[in-house]
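>>> okay, predicted coordinates and the sequence, questions at the end:
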Amino acid sequence: MLFRSLGAPTSRKRDAMLRMGKQLEEKQKQYSKAIVVYEQFVANFPDDAQTPEILLRLGRLYRATGANASALNKFYSVLYSSIQTKSGDEYNDASLRAKMEIAHTHFAAGEYQKAGELYSKIKLLKMTPEESSELAFRMAYIAYLSGDFSKSLTEAQLFLDTFPASPLAPEAQYLFIQSLKKLNRDTEAMKETLELLQAGQKYGQKKPAVWAYWQRKTGNEIANDLYESGDFYGAAQIYQKLAELNDAPDWRGPAIYQFGLCCERLRHFERAREAYRYIIDKIPAASKTASGASIVGENVSTVREMAEWRYEHLNWLEKTENEAFPLINKPIPGPGLPTVGQNGLQPAATQAPVQQAANKIAAPHSSAPAAAPAAVR
């Protein structure tokens, strides 16, 4: 055994093992070695007051390494050891944590029905707000993974109503939106996405990185789906909100580029040009420092190059349309029919084919798309 050769007094050996185990687990992330030290602690000090805590740590480490059976064994051991070494609130606390970890382990193993049953039983116990929020989130997640999207929608909404400021709230909002999509409620999904992009200003101060991740993931997925389905107006609204969230080039650049594409599809060419011009002016061209390091990321540089190409393409397209459409719209005289100018005939006032198509695209909307982000102007 690792510590038997030290010949140290029991109390010193105990403290040394705890310090080493936590050092290996928390700071060095050497989980296999931490497991060895914790196992020795449990073997040498089975009745110690810290044993239930160490068993919990062991269970989490085994689960992290994929050894779910060993993890469950340790968590059930916590229930037994808690009876032997603790009483009152201490026992209830250790017992509740062990039961939560057992449910988490079944969840991690993909045994969602079993995990759901365990979570439902735990809901009846007294928990801290943090434990209650985690359990409520897990219930929504299990319903989603099980394909019961109506239930996941209900559970996610209950979570968001009860714990709107939880660090898990943006992911719960993502589950809520994805459940709406699965139920073919796309319009509601778009509205909820816009709410998620705005909610971070109120609730995202404590965990900005977490909110930013789920906002970007959700916003991009929904906006891309809308774009692919031909709802360019809805997609433009979401890309616009994404661009407002962060002024970092690798965030704002792609969002504004996509906004520009939406404006093109809606034939709002001037707005599209403004978007591409912003990217060209604000994002530096690809270049390297004296040490050879890139000043801007490769992806950002690529977005700038694409914006330059789209900007030039729009100029070419409008020039071509202005030159070609008068010729295209000029009537062709048929055999034996008078030509334009004969007998006072004048050509009919017809719209260009592309303009007719543009009117059809814009017809459902009574106004132009919402104003672009301040940065685009």
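Okay, I see it. Numbers count the residues shown, from 1 in each chain.
>>> C-alpha from now on. contacts and neighbour counts both.
Will do.
>>> hey, where'd the helices end up in the stretch 51-200 of the chain?
51-64, 68-85, 88-108, 112-122, 129-145, 149-162, 169-182, 186-203 (DSSP state H, counting those that start in this stretch).
>>> scan the chain for its longest helix.
If you go by DSSP state H, the chain has its longest helix at helix 298-329.
>>> list the buried residues for that helix?
For helix 298-329, a neighbour-count test (16 or more other C-alpha atoms under 10 Å) marks 300-301, 303-308, 310-311, 314 as buried.
>>> and if you look at stretch 62-75?
So, applying 16+ other C-alpha under 10 Å, buried residues of stretch 62-75: 62-63, 68, 71-72, 74-75.
>>> got the contact list for the most centrally placed residue in the chain?
The centroid of the chain falls nearest to residue 214 when counting by C-alpha atoms, centre = their mean (2.7 Å). Neighbouring residues of residue 214 by C-alpha atoms under 8 Å, 6 or more residues apart in numbering: 170-171, 174.
>>> wait, which of the residues you listed is closest to residue 117?
Nearest to residue 117 out of the contacts of residue 214 is residue 171 (C-alpha to C-alpha; 22.3 Å).
>>> re earlier: give me the helices and strands touching the longest helix of the chain, please.
helix 249-265, helix 269-282 (3 or more C-alpha pairs under 8 Å, 6 or more residues apart in numbering; DSSP states H and E).
>>> of the helices of the stretch 51-200 of the chain, which approaches residue 27 most closely?
Closest of those to residue 27 is helix 51-64, at 13.9 Å (criterion: C-alpha to C-alpha).
>>> residues in contact with that closest one: which ones?
Under C-alpha under 8 Å, 6+ apart, the answer for helix 51-64 is 31, 35, 38-39, 41-42, 45, 68, 70-75, 77-78, 81-82, 94, 98, 101, 105.
>>> out of the helices of the stretch 51-200 of the chain, the one nearest residue 13 is which?
Closest to residue 13 of the helices of the stretch 51-200 of the chain is helix 51-64 (C-alpha to C-alpha; 14.6 Å).
>>> which element is residue 226 on?
helix 208-229 (DSSP states H and E).
>>> mind checking pLDDT for residue 283?
Confidence at residue 283, expressed as pLDDT, is 79.
>>> next, it: phi, psi?
Backbone geometry at residue 283, expressed as degrees, to the nearest 10, gives phi -110, psi 120.
>>> what's it in contact with, if anything?
Residues in contact with residue 283 (C-alpha under 8 Å, 6+ apart) are 249, 253, 300-301, 304.
>>> same question, residue 239
Going by C-alpha under 8 Å, 6+ apart, residue 239 touches 219-220, 223, 255-256, 258-259.
>>> take the buried residues of helix 298-329 and write them to TSV, including pLDDT.
Putting the buried residues of helix 298-329 into TSV (pLDDT from 0 to 100) gives the following:
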residue	pLDDT
300	84
301	84
303	91
304	90
305	91
306	92
307	92
308	91
310	92
311	91
314	88
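>>> and which of those is nearest to residue 188?
For the buried residues of helix 298-329, the nearest to residue 188 is residue 303 (30.5 Å; C-alpha to C-alpha).
>>> does that closest one touch residue 256 like I think?
No. Taking contacts as C-alpha atoms under 8 Å, residue 303 lies outside contact range of residue 256: 9.8 Å.
>>> what lies in contact with stretch 20-37?
In contact with stretch 20-37 (C-alpha under 8 Å, 6+ apart) are residues 2, 17, 38, 58, 61-62.
>>> and which of the residues you listed is nearest to residue 116?
residue 62 (21.5 Å).
>>> do you know the pLDDT at that closest one?
The predicted local confidence for residue 62 is 93.
>>> returning to what we had before: including distance to residue 181, could the buried residues of helix 298-329 go into JSON lines?
Shown next, in JSON lines, are the buried residues of helix 298-329 (distance: C-alpha to C-alpha, whole Å):
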{"residue": "300", "distance to residue 181": "30"}
{"residue": "301", "distance to residue 181": "33"}
{"residue": "303", "distance to residue 181": "29"}
{"residue": "304", "distance to residue 181": "32"}
{"residue": "305", "distance to residue 181": "34"}
{"residue": "306", "distance to residue 181": "31"}
{"residue": "307", "distance to residue 181": "31"}
{"residue": "308", "distance to residue 181": "35"}
{"residue": "310", "distance to residue 181": "32"}
{"residue": "311", "distance to residue 181": "34"}
{"residue": "314", "distance to residue 181": "34"}
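>>> part of a strand, is residue 49?
No. Counting by DSSP: H, G, I helix; E, B strand; the rest coil, residue 49 falls outside a strand, being coil.
>>> separation between it and residue 119?
Using C-alpha to C-alpha, to the nearest Å, we find residue 49 at a distance of 27 Å from residue 119.
>>> swap in residue 253?
From residue 253 to residue 119 the distance is 43 Å (C-alpha to C-alpha).
>>> got it, and residue 196?
27 Å.
>>> and what of residue 94?
16 Å.
>>> equivalent analysis for residue 187, please.
In terms of C-alpha to C-alpha, residue 187 sits 32 Å off from residue 119.
>>> could you turn the buried ones of the contacts of stretch 20-37 into a ChimeraX selection?
A single ChimeraX command selects the buried members of the contacts of stretch 20-37 (16+ other C-alpha under 10 Å):
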select :17,38,58,61,62
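>>> returning to what we had before: for the buried residues of stretch 62-75, give me JSON lines that also has distance to residue 279.
Output for these, formatted as JSON lines (distance: C-alpha to C-alpha, whole Å):
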{"residue": "62", "distance to residue 279": "49"}
{"residue": "63", "distance to residue 279": "46"}
{"residue": "68", "distance to residue 279": "50"}
{"residue": "71", "distance to residue 279": "51"}
{"residue": "72", "distance to residue 279": "53"}
{"residue": "74", "distance to residue 279": "55"}
{"residue": "75", "distance to residue 279": "54"}
